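>>> Below is the sequence, then the predicted model.
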Amino acid sequence: DPVLVLFRHDLRLADNRALDAAVQSGRAVIPVFILDEESKGVRPIGAARRWWLHHSLTALSRDMADRGASLLFRRGPTRAIVDSVVAETGAGRVLWNRRYDPAGAATDAALKDHLRGRGIDCESFEGQLLHEPTRLKTGSGGPYRVYSPFWRALVAEPAPRPPLEAPKSIRGHDGALASDSLASWALLPTKPDWTGGLRNEWTPGEAGATARLRMFLENAIDGYGENRDRPGLESTSRLSPHLAHGEITPFQIWQAVKDAADSAPGHDAEKFLKEVVWREFSYHLLFHNPDLAEKNYNSDFDGFAWRRSEDLLEAWRRGRTGYPIVDAGMRELWQTGWMHNRVRMVCASFLIKHLLQDWREGERWFWDTLVDADPASNAASWQWVAGSGADAAPYFRIFNPILQGEKFDGDGDYVRRYVPELSRLPNRFLHKPNEAPALVLEEAGVKLGREYPVPVIEHAHARDRAMSAYNAMKGSA
Ligand code: FAD
């Protein structure tokens, strides 16, 4: 009888333990991707990830066909779909790689009980994380709340296992099985099609992920520690959307970085791996705090006096706040589905502290627009910036968006790329156009207050207001 392999956020052939076990068994393999938006607690993916998913599945399906198997597409609650494919094929064994988001983990745990109850063999494997979220424990046996000891505990463990090769061939199933067409899922937007910028930037799929990693190791890891904060450079790996879809694993990344360590200076390699481990830490936090995307980790923040404003939210989303670094970031996000990490921090801080909008509003916008939207990293990072999270930045560290721009985009390459209406302003005023003399604005063709907005709020005033709101919260907590 054939073996069923479920695909979810692991859209790859290499280093795929569930697939590998199925191929090793020598039986026919039926790979199925289930689009499950119905099981309890599932948070449907946003529009940017839907675009990515379509293309990633197209690539996976082709790679699978090249090796002799055909990937089935089914839509519905995981358990019902598995039951029907088992009934159609007589499969006696179901394999999958584990998920760690709360709804995914609960669905899979229930599936395991259900299948075993029916006498069907099933097994799950690790792969998405270097260590299961339950594995690393503090001295007193609890979960970590602070990153540095988490990192130390992780590197004190045996080195991560070497990644598995992709199977050279896969024995497919002989019978014809019904499969949805990808087109029928309508994952791609049509009216309007806003995905041109995404197409220019990304190659979803396993081959695209491998190429990104290779390019990063060849061109950018040397100097990563210095350059990673400069959004105008291509100085980070841009592996995040590939990781979010499981087109590459942290095991593959770890190994490739270690192999390259001869050419890359040790401190750059270590800095990069430390970032990869922030993702692990975020999953550790999410696993132990399943409502991380909805509830303040630090409940003092439940009493925070947010000042909801649809107009301000909209100015932020569209990149029309009057602060060039914030606007460049929000437009990069809208155009490419990704935003540089430094700028994510600045934009998030601006929304939360300058505009006093609830961090959950920002988390939701990122969830919809990021190609790397990740249930753990997004929620943990928003709470980190808000000051409500574990090991968070202290609330009173309020980024000055002008100084951040001047410091990390001093030559203005980034702002000029995404805010072209300011491109002719001299560097001196690029991050504060409203301080430029009228003549300078005129020469640069900048129509302040018309084409480009004046700041929606003045920085020093916003800073004072944020501190008062914070002190009021602390006073009442
Ligand atoms: P690199 O610098 O090349 O780092 C390599 C990998 O390490 C990344 O691909 C990512 O998997 C991991 N990583 C790096 N920084 C972080 C971090 N701070 N937290 C967790 N993992 C990290 N990352 C996401 O993957 N998905 C999200 O939804 C997400 N939302 C964020 C929201 C906010 C408000 C902030 C401040 C950060 C968010 N991040 C998120 C973290 C970080 O910005 C991105 O992982 C990073 O910018 C991805 O680019 P890269 O692959 O070039 O990173």
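Received, thanks. No experiment lies behind these values; they were computed from the predicted model shown. Numbers count the residues shown, from 1 in each chain.
>>> Roughly how far does Pro163 sit from Met345?
31 Å (CB to CB, to the nearest Å). For every residue, glycine as well, the C-beta is placed using N, CA and C.
>>> Can you list the buried residues in the top helix by length along the chain?
Criterion DSSP state H: the longest helix present in the chain is helix 266-288. By neighbour count, and taking 16 or more other CB atoms under 10 Å as the criterion, the buried residues in helix 266-288 are 268-270, 272-274, 276-287.
>>> Can you name the residues of the protein sitting close to the ligand?
For the chain, the residues found near the ligand under the criterion CB under 6 Å from any ligand atom are 228, 236-240, 243-244, 275-276, 278-279, 282, 341, 344-345, 348, 366, 370, 372-374, 377-378, 381-382, 385.
>>> what about Pro192, how many neighbours?
In terms of burial, Pro192 registers 7 neighbours under the definition other CB atoms under 10 Å.
>>> List the neighbours of the helix or strand where Tyr470 lies that are in contact with it.
Tyr470 is part of helix 459-476 when elements are defined by DSSP states H and E. With CB atoms under 8 Å, 6 or more residues apart in numbering as the contact definition, helix 459-476 has outside contacts at 300-301, 303-305, 353-356, 387, 395-396, 398, 400-402.
>>> which of the residues you listed are buried?
Buried members of the contacts of helix 459-476, counted by 16+ other CB under 10 Å: 301, 304, 353-356, 387, 395, 398, 400-402.
>>> thinking again about what came up before, now the helix holding Tyr470: buried residues?
Buried residues in helix 459-476, counting neighbours by 16+ other CB under 10 Å, are found at 459, 462-463, 465-466, 469-470, 473.
>>> One more: stretch 92-101?
With burial defined by 16+ other CB under 10 Å, the residues of stretch 92-101 counted as buried are 93-101.
>>> Check stretch 241-258 too.
Within stretch 241-258, the residues that qualify as buried by neighbour count (16+ other CB under 10 Å) are 241-257.
>>> which SS class is Val326?
Secondary structure, DSSP: H, G, I helix; E, B strand; the rest coil: Val326 is helix.
>>> now the residue nearest the centre of the chain, nearest residue through space, not along the chain?
Central residue check for the chain by CA atoms, centre = their mean: the C-alpha nearest the mean position is that of Asp372, 3.2 Å away. Leaving out its chain neighbours, the residue that sits closest to Asp372 by CB to CB, 6 or more residues apart in numbering is Ser240, at 3.6 Å.
>>> Equivalent analysis for Cys347, please.
Nearest non-adjacent residue to Cys347, counting by CB to CB, 6+ apart: Gly329, 4.5 Å away.
>>> I'd assumed His340 was in contact with the one you found.
Yes - counting by CB atoms under 8 Å, Gly329 does reach His340; the two are 7.1 Å apart.
>>> Name the residues contacting each of those two.
Overlap between the neighbourhoods of Gly329 and His340 consists of Pro231, taking contacts as CB under 8 Å, 6+ apart.
>>> Contact partners for the closest residue to the ligand within the stretch 51-200 of the chain?
Minimum separation of the stretch 51-200 of the chain from the ligand (CB to the nearest ligand atom) falls at Tyr147, amounting to 9.6 Å. Residues counted as contacts of Tyr147 (CB under 8 Å, 6+ apart) are 278, 281, 391.
>>> what's the distance between it and Leu154?
Looking at Tyr147 against Leu154, where the rule is CB to CB, the gap reads 10 Å.
>>> quick one on the thing from earlier: which elements pack onto whichever helix or strand comes after the longest helix of the chain?
Proceeding C-terminally, helix 266-288 gives way to helix 310-318 as the next helix or strand, assigned by DSSP H and E. Here helix 310-318 touches helix 324-336, helix 359-369, going by 3 or more CB pairs under 8 Å, 6 or more residues apart in numbering; DSSP states H and E.
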